[in-house]
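Q: Test case, fold it:
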Amino acid sequence: MFNSNKKHHLDLLCVRHSSKKSANIHLTAHDSLLYTSAFLSYSLCMSWRPQEPPARWLRKIPSRYHTFVRYLVRISLAGMAAFGCFCLYYVGLASSYDIAQVGKLPQRNIVYDRSNNEIDAVVGSNIDLITFEDLPAFMVKALQAREDAEFFTHSGIHVRGLMRATVRNVKDRKFTQGASTLSMQLARNTYEIRAKSLHRKFLEIALTLRVENHYDKPQIMAGYLNRIYFGVGAGHLGIQNASKNYFGKHVSNLNESECAMLIGIIRGPHIFSPWRDLDAAKSQRNQVLDRMIAMKFIDDGEKQRIIALPIHITKPEDVATEKSYAIQAVVREVNKLVPEEELQHGGLKIYTTLDMPWQRRLEGELQKALLSLEKDRDYSAPTIAQHAGTENPNYLQMTAVTLETKTGAILAQIGGREYEHSRFDRSNSARRDLGTAFEIFVAAAAAERGRPIYPGSPVATGRPIGPQGVERIARRCGLTGPFLQTEDLYRGAVSATPMEMAIGLSTLANQGSRPRPYLVREIRNSENEVIVNNGPLYFPALKPQAARKSLSVLKETKGTDVFTGATGSEREAWTLRLGPKGSTAIWVGFDKPQIITQETRLKKLLAEIATRLDNN
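A: Residues are numbered from 1 along each chain as shown. Alright, predicted model coming up:
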């Protein structure tokens, strides 16, 4: 039996080899796996000969253990074979990626706001590439100290760090740490490897090793700095663009303080941007300098000298914006409107409905309010300032959507506090409990049936209608449920996304006509030809009179046409705002529900936000 198996594997190996040789074709990953399996199977067959006397090394072991040792050897060989096949699979998979992409950037697609001002570029950008020789020596050491201390000595993978992260991830039962080197981050950014899974991590490692094999360390560092995002402002992709936009100079002319500041904001480019918060940017600079002291690149005296160096921050341009959840949403919608290859090829002009002054104002007020809350003496939850740069932030979040009431055009879309910390778009994907925010839909169902509305008493309002009647109107207003068939539904035991709530509010304010939300109004190709023309669509939901009556549960700001409603608990809160800028839904809370603060304090905070939005 062993002889026949041996002959079969040898014949298979020879036939495959001779056919490949005669055809003069390179071995594929599949062929490599087949050859390896055949060779290892043959080796196992040859190593197992029970009819012969035990090998010399085996004779030294008591005979009663011989069977156990033989099985142990076979299991070890099988494990080595499996590991070899595993490695070959990922090596083959990594080889299917174009390694030249590391040094290339696609043609830019320009994104415009509703006033036709350029706000960003997607899938490529107007990046000014730099080489390693352009970098100040101080910046190289600062980046090494801050992000990858062993960059110039490891082979792309920091084995000890990876093992520590693996142990931590196993303990936490989720991906909380990644132990990414600069080389791994370059591979991830080049090939857009974002999913958190073991398969993606192994692929990232294989691609990193391939990058290390094709490029030297200076090229990898320069490639990394050319691809990463540096914060608020159009074109803030790449170290040279950041240098020009923040400091008005070429990267090679930056002083030590400016170098340390740019390296410092990498971990939180949105919140540490010197345009947004100069003190926070300086704090990050100081942390970089402390790391350099720890690595003995500088001493404390040099740190004090560097801190004293002048830093001149340029003023942000009027067209500047951030790489954000809104831009992420634009890309998603464009992918539905044009073939993917057109977007990848570039040269598109994408005209959106975004109202950038309102987007900045809404986000600014929310950020200011949450930072104020985190500074309260009795606030004990994690804060954004304490965030360590992991991909799973646990600090207080916010999300908001504003729709133009009559058309459904998306004027603002905020998916969270810091895009670089978490790319999960809460405005579209996070379903949150509504509580008393659901009362407007109970009121709409009652008004549709000609029943009385009792503001502040949703159970009394909804009881004559019944859960099915309330569900019917809520669905027609854009909510998707699921809906309970008990009186708890009237109390708001239902969840929705901020986008759904903004649609529902727009429906009631638009006399019962539900607008379809849209973000992209027109797309032109590189020849300036219109290839997409998008506009409003409407769906009848309920009678105009019923829609108007339902708004009575919202509070009208005296002397204005602004209506607001703040609801919530000590764990989360909603604000619905109907005003000149459109229909706005705001949610505040944690991704994993926990106590924020007292309910009265939270409602007061949301009321203050609404007041500032009304007055400014």
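Q: how about the strands in the stretch 51-200 of the chain?
A: 109-112, 118-122 (DSSP state E, counting those that start in this stretch).
Q: I'd like these laid out as a markdown table, including mean neighbour count and mean pLDDT.
A: C-betas here are computed from N, CA, C, even on glycine. As requested, the strands of the stretch 51-200 of the chain are exported to a markdown table (neighbours: other Cβ atoms under 10 Å; pLDDT from 0 to 100):
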| stretch | mean neighbour count | mean pLDDT |
| --- | --- | --- |
| strand 109-112 | 22 | 91 |
| strand 118-122 | 22 | 80 |
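Q: Make TSV out of those strands and add distance to Leu343.
A: Below are the strands of the stretch 51-200 of the chain laid out as TSV (distance: least, Cβ to Cβ, whole Å):
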stretch	distance to Leu343
strand 109-112	7
strand 118-122	8
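Q: Among these, which comes closest to Arg160?
A: Closest approach to Arg160 among the strands of the stretch 51-200 of the chain is made by strand 118-122 (37.2 Å; Cβ to Cβ).
Q: tell me which residues in stretch 449-461 are buried?
A: Buried residues in stretch 449-461, defined by neighbour count with 16 or more other Cβ atoms under 10 Å: 451, 453-454, 458, 461.
Q: Touching it from outside, list them.
A: The contact list for stretch 449-461 (Cβ atoms under 8 Å, 6 or more residues apart in numbering) reads 436, 438-439, 442-443, 446-447, 464-465, 469, 487, 490-492, 549-550, 552-553.
Q: just to revisit the earlier point, between the strands of the stretch 51-200 of the chain, which one is closest to Val102.
A: strand 118-122 (19.6 Å).
Q: now the closest one, how far from the centre of its chain.
A: 18 Å (Cα atoms, centre = their mean, to the nearest Å).
Q: who does that strand pair up with?
A: Paired neighbours of strand 118-122 in the sheet (DSSP bridges): strand 109-112 (antiparallel).
Q: domain ranges for this structure?
A: If you go by automatic domain parsing, the domain ranges for the chain are 2-96, 127-307, 397-523+530-615.
Q: could you give me the average pLDDT of the shortest one?
A: Pointing back at domain 2-96 there. The pLDDT scores in domain 2-96 average 58.
Q: and if you look at stretch 492-510?
A: Mean per-residue pLDDT for stretch 492-510: 95.
Q: Show me which positions of that stretch end up buried.
A: Buried residues in stretch 492-510 (16+ other Cβ under 10 Å): 492, 494-510.
Q: Now intersect the buried residues of stretch 449-461 with the strands, please.
A: Using DSSP state E, no member of the buried residues of stretch 449-461 sits in strands.
Q: Farthest pair within these?
A: Longest span within the buried residues of stretch 449-461, Cβ to Cβ: Arg451 and Pro458, 12.6 Å.
Q: ok, back up a step: could I get the domains of the chain in JSON lines, plus columns for distance to Gly364?
A: Output for those, formatted as JSON lines (distance: least, Cβ to Cβ, whole Å):
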{"stretch": "domain 2-96", "distance to Gly364": "43"}
{"stretch": "domain 127-307", "distance to Gly364": "9"}
{"stretch": "domain 397-523+530-615", "distance to Gly364": "10"}
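Q: Tell me where the stretch 101-250 of the chain is predicted with low confidence.
A: 105-107, 123-127, 161-179, 192, 194-196, 232-236 (pLDDT under 70).
Q: Try it again at 50.
A: Along the stretch 101-250 of the chain, segments meeting pLDDT under 50 span 125, 176, 234-235.
Q: I would like a ChimeraX command selecting only the buried ones among the contacts of stretch 449-461, please.
A: Listed next is the ChimeraX selection for buried residues among these, using 16+ other Cβ under 10 Å:
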select :436,438,439,442,443,446,447,465,469,490,491,492,549,550,553
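Q: sorry, back to before: which of the buried residues of stretch 449-461 sits closest to Ile205?
A: Nearest to Ile205 among these: Pro458, at 54.0 Å, using Cβ to Cβ.
Q: From Thr575, how far out is that closest one?
A: In this structure, Pro458 and Thr575 are 18 Å apart, going by Cβ to Cβ, to the nearest Å.
Q: So which of the buried residues of stretch 492-510 belong to helices?
A: Here DSSP state H is the test, and these give 498-509 as lying in helices.
Q: Now Asn116. Nearest residue, chain neighbours left out?
A: Excluding the flanking residues, the one nearest Asn116 by Cβ to Cβ, 6 or more residues apart in numbering is Tyr351, at 6.7 Å.
Q: go on, Gly248?
A: Thr314 (4.8 Å).
Q: ok, that neighbour - contacts?
A: Neighbours of Thr314 in contact, by Cβ under 8 Å, 6+ apart: 245-248.
Q: Output those as CSV; include the columns neighbour count.
A: Shown next, in CSV, are these (neighbours: other Cβ atoms under 10 Å):
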residue, neighbour count
Asn245, 21
Tyr246, 27
Phe247, 20
Gly248, 12
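Q: and of those residues, the nearest to Ala369?
A: Out of the contacts of Thr314, the member with the shortest distance to Ala369 (by Cβ to Cβ) is Tyr246, at 26.7 Å.
Q: Phi first, then psi, for the closest one.
A: The phi and psi values for Tyr246, taken as degrees, to the nearest 10, are phi -80, psi -40.
Q: any idea how far it lies from Ile265?
A: 9 Å.
Q: Phe231: neighbouring residues, count only.
A: Residue 231: Gly, not Phe. Gly231 has 24 neighbours, counted by other Cβ atoms under 10 Å.
Q: Name the nearest residue to Asp433, ignoring sequence neighbours.
A: Ser495 is the one closest to Asp433 (Cβ to Cβ, 6+ apart), at 5.4 Å.
Q: correct me, but that neighbour touches Ser429?
A: No - Ser495 lies out of contact with Ser429 (Cβ atoms under 8 Å); the separation is 11.9 Å.
Q: Could I get the buried residues of stretch 449-461 in TSV, plus columns for distance to Gln328?
A: Shown next, in TSV, are the buried residues of stretch 449-461 (distance: Cβ to Cβ, whole Å):
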residue	distance to Gln328
Arg451	42
Ile453	39
Tyr454	42
Pro458	35
Thr461	39
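Q: Among the residues you listed, which one sits closest to Ala281?
A: Closest to Ala281, out of all of the buried residues of stretch 449-461 and judged by Cβ to Cβ, is Pro458, at 47.1 Å.
Q: for stretch 585-599, which positions count as buried?
A: Buried, per 16+ other Cβ under 10 Å, within stretch 585-599: 585-591, 596-597.
Q: Could you export that stretch as CSV, CA atoms only?
A: The C-alpha trace of stretch 585-599 is given here as CSV (Å, rounded to 0.1, in the frame of the first residue of the first chain):
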residue,chain,number,x,y,z
ALA,A,585,-31.9,65.1,13.4
ILE,A,586,-29.2,65.0,16.1
TRP,A,587,-28.2,62.1,18.3
VAL,A,588,-25.7,62.0,21.2
GLY,A,589,-24.6,58.9,23.0
PHE,A,590,-22.0,56.0,23.2
ASP,A,591,-21.6,53.3,20.7
LYS,A,592,-22.0,50.9,23.6
PRO,A,593,-24.7,52.4,25.8
GLN,A,594,-23.6,53.7,29.2
ILE,A,595,-24.4,56.6,31.4
ILE,A,596,-23.4,60.0,30.1
THR,A,597,-24.7,62.3,32.7
GLN,A,598,-27.9,63.3,34.4
GLU,A,599,-30.9,63.4,32.0
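Q: which residues are contacting it?
A: The contact list for stretch 585-599 (Cβ under 8 Å, 6+ apart) reads 366, 370, 373, 376, 378-379, 381, 393-401, 424, 426, 430, 432, 498-499, 501-502, 505, 568-577, 602, 605-606, 609.
Q: Now intersect those with the strands, please.
A: Mapping these onto strands (DSSP E) picks out 397-401, 432, 568, 572-577.
Q: Closest one of those to Ser183?
A: Gln397 (31.6 Å).
Q: quick one: the closest one and Gly416 touch, right?
A: Yes - Gln397 lies in contact with Gly416 (Cβ under 8 Å); the separation is 5.4 Å.
Q: what do the two both touch?
A: Contacts common to Gln397 and Gly416, judged by Cβ under 8 Å, 6+ apart, are Arg426.
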